[in-house]
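S.K.: Got a predicted structure here, sequence first:
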Amino acid sequence: MKRRLADVRFLDTRPLRSSQPFRDLWIGTSASQLGGQAANVAVLAQVWDLTGSAVGTGAIGLATGLPMVLFGLLGGTLADAVDRRAVVRATTAGQLLAAAGLCAQSLAGNRNVLLLLALVAASTSCSALGAPARRTFPVRLLPGDQVAAGLALTNVSFQAAMLAGPATAGLIIARWGFPAAYATQAAAMAVSLLAVIRLPAIRPEGAGAAGSKRRAERGGWRIVLRRPTLWGSMATDLSATLLAMPIALFPLVNEVRFGGNPQTLGLFLSAVAVGGITAGLLSGTVTRWRRGGLVQLGAAGVWGLALTCFGLAGPLWLALGCLAVAGAADTVSVITRGALVQLETPDAYRGRVSSVEHVIGVAGPELGNFRGGLLASATSASFSLVFGGLSAIVAIAAVSVANAPLRAYRTPSATTTTTATATATTTATEPSDLPGGADAAATTG
């Protein structure tokens, strides 16, 4: 029993202690996430105030979703062609200007919802353009055995922002109005920009060989499809989010089972965040496990099972418990997938592969919410949740059976990281030079 308790480790803070550049990055990212949550609530409330329409608030998704996909792919190509720090500096400055614009329009008493949505789209475009480059930072700033821990720290700050940000924004808006919430985001983006300025230059390795315009757009997709660990990891994530995303069903479940109490609806979202934070705080356990592929497959399966149980749960306490388990499983899956993708991708292609991961991460949940709502409208919320959860489990099991390299994948140790990176860079002259068999060598670390 004592041995088992000793094996449980809390949040691994080695990246914050060992790397000042990563520490700066983490502080800046945490600030921007908290500010982003404040702005999200302010935009939602202001659009509702201007339109009083669910169509109006739904248009926010359009103003954010399309730029995320379009500029995310472009950002991947850009991140593999120039200094990634320069890309993130420029896009963070763009987000700061957009936040200042949001504050200015609110102070001016703007009543034009199109102007508000245009500023939201501009901010999202800058964020999406810099996201692939930003995703490559941890693997360049940390030793291989600390990459998962670094991603866990980032995920914890995101979950904390998800939990505290909306409530804080509500208090700010209630007391000082929309301009104060947008000013909070602008201040947070200034902190984030300062943190990025302090980073060292991070140029893509082998950029000259990978810089052909003919291959620029397709390079990321090709390398994902040619490396079983990459496509298996992303297929696992897509199976979980596309088939079992529950957020769109929360209002209907709340209405049918719990009388439509808005406080209960808030508890659904909080339960997911609490589970995610708890898993993050205990992530020192899983980030030290080297069988990252199995960990992701198992966590994704638990996600599907927890949401199946949520679809059947009667008492509120049981429903919230299922959502907390789902949130914890999602955090573990995100951490292990992020580390695997970054470590398995040659640096010359990390920007483009990160853009593929970014698009899947954005499109999967949105399409999953649409699928769940569509099925629930034809059947019921319970059926949609149970069917979706079970379908996700089956799909994840199919990926596991079909993808032996993903099951066998081991995170490289600190002593092998330098050699593995050098080898990957040497062979990264073109995606076709990286056959699927290359993953067999990666699993022996």
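M.R.: Perfect, I can see it now.

S.K.: So which residues of this protein form strands?
M.R.: Here the chain has no strands by DSSP state E.

S.K.: By mean pLDDT, flag the weakest helix or strand of it.
M.R.: Within the chain, confidence by mean pLDDT, DSSP states H and E is lowest for helix 438-442 among all helices and strands, at a mean of 32.

S.K.: Would you mark the buried spots in the lengthiest helix in the chain?
M.R.: Of all the segments assigned as helix in the chain under DSSP state H, the longest by residue count is helix 20-51. Neighbour counts over helix 20-51 (16 or more other CB atoms under 10 Å) mark 21-43, 45-47, 50 as buried. Quick note: C-beta positions are derived from backbone N, CA and C, even for glycine.

S.K.: do stretch 84-98 as well
M.R.: For stretch 84-98, by 16+ other CB under 10 Å, it's 84-85, 87-98.

S.K.: one step back: elements contacting the longest helix of the chain?
M.R.: The contact analysis (3 or more CB pairs under 8 Å, 6 or more residues apart in numbering; DSSP states H and E) places helix 20-51 against helix 14-18, helix 54-79, helix 84-107, helix 113-135, helix 137-141, helix 147-176, helix 178-197.

S.K.: can you list the weak-confidence ranges in the stretch 51-200 of the chain?
M.R.: Along the stretch 51-200 of the chain, segments meeting pLDDT under 70 span 53-55, 57-58.

S.K.: How many neighbouring residues does the closest residue to L318 other than its chain neighbours have?
M.R.: Distances taken as CB to CB, 6 or more residues apart in numbering put C309 closest to L318, at 7.8 Å, once the chain neighbours are dropped. C309 is flanked by 19 other residues according to other CB atoms under 10 Å.

S.K.: Could you measure from the residue most central in space within the chain over to M234?
M.R.: Centroid-nearest residue in the chain: G361, 6.2 Å away (criterion: CA atoms, centre = their mean). Applying CB to CB, to the nearest Å, the value for G361 to M234 is 9 Å.

S.K.: What residues does the residue nearest to the centre of the chain make contact with?
M.R.: 237, 241 (CB atoms under 8 Å, 6 or more residues apart in numbering).

S.K.: Let me know the pLDDT of it.
M.R.: G361 is assigned a predicted lDDT (pLDDT) of 81.

S.K.: Now do the contacts for the spatially closest residue to D80 that is not a sequence neighbour.
M.R.: Nearest residue to D80 in three dimensions, chain neighbours excluded: G351, at 3.9 Å (CB to CB, 6+ apart). Counting by CB under 8 Å, 6+ apart, G351 touches 75-81, 84, 132-133, 136, 204, 220.

S.K.: Distance check, G351 against I223.
M.R.: Taken as CB to CB, the span from G351 to I223 is 11 Å.

S.K.: Likewise for M162?
M.R.: Distance, M162 to I223, by CB to CB: 32 Å.

S.K.: rewinding a little: please produce CSV containing the helices and strands packed on helix 20-51, extended by distance to L367.
M.R.: Output for these, formatted as CSV (distance: least, CB to CB, whole Å):
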stretch, distance to L367
helix 14-18, 33
helix 54-79, 10
helix 84-107, 26
helix 113-135, 17
helix 137-141, 27
helix 147-176, 21
helix 178-197, 28
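
S.K.: Figure out which of the ones you listed is closest to L406.
M.R.: Closest to L406 of those is helix 147-176 (CB to CB; 15.7 Å).

S.K.: And that closest one, what's buried?
M.R.: For helix 147-176, by 16+ other CB under 10 Å, it's 147-163, 165-166, 168-169, 172-173.

S.K.: Same question for stretch 221-232.
M.R.: 221-224, 226-232.

S.K.: Indicate which one of the helices and strands packed on helix 20-51 is closest to P246.
M.R.: helix 147-176 (15.3 Å).

S.K.: That closest one vs helix 113-135, what angle?
M.R.: Relative orientation of helix 147-176 versus helix 113-135 (axes from the mean of the first three to the mean of the last three CA atoms, to 10 degrees): 160 degrees.

S.K.: Please name every helix or strand in contact with helix 147-176.
M.R.: Against helix 147-176 (3+ CB pairs under 8 Å, 6+ apart) you get helix 14-18, helix 20-51, helix 137-141, helix 178-197, helix 262-281, helix 284-287, helix 316-344.

S.K.: Which among those helices is found nearest to G61?
M.R.: Per CB to CB, nearest to G61 of the helices and strands packed on helix 147-176: helix 20-51, 10.6 Å.

S.K.: tell me the angle of the closest one relative to helix 54-79?
M.R.: 150 degrees.

S.K.: how many degrees apart are helix 20-51 and helix 178-197 in direction?
M.R.: Here helix 20-51 points in a direction 160 degrees away from that of helix 178-197 (the same axes, to 10 degrees).

S.K.: And F71, how far from T264?
M.R.: 37 Å.

S.K.: more neighbours, the two?
M.R.: F71 (24 against 18).

S.K.: Next up, the contacts around that one.
M.R.: Per CB under 8 Å, 6+ apart, neighbours of F71: 124-126, 128-129.

S.K.: measure it to A122 for me?
M.R.: 10 Å.

S.K.: So what does L199 look like in phi/psi?
M.R.: Main-chain torsions, L199, degrees, to the nearest 10: phi -70, psi 150.

S.K.: same deal with M245?
M.R.: phi -80, psi 120.

S.K.: would a markdown table of the helices and strands packed on helix 147-176 with distance to M245 be doable?
M.R.: Output for these, formatted as a markdown table (distance: least, CB to CB, whole Å):
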| stretch | distance to M245 |
| --- | --- |
| helix 14-18 | 30 |
| helix 20-51 | 18 |
| helix 137-141 | 26 |
| helix 178-197 | 26 |
| helix 262-281 | 11 |
| helix 284-287 | 23 |
| helix 316-344 | 10 |
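
S.K.: do you know which of the ones you listed lies nearest A402?
M.R.: helix 316-344 (16.9 Å).

S.K.: Tell me the helices and strands packed up against the closest one.
M.R.: Helix 316-344 packs on helix 137-141, helix 147-176, helix 228-244, helix 250-258, helix 262-281, helix 284-287, helix 292-312, helix 350-378, going by 3+ CB pairs under 8 Å, 6+ apart.

S.K.: Enumerate the positions of it that are buried.
M.R.: 316, 319-344.

S.K.: and it, what's its mean pLDDT?
M.R.: Mean predicted confidence for helix 316-344 is 90.
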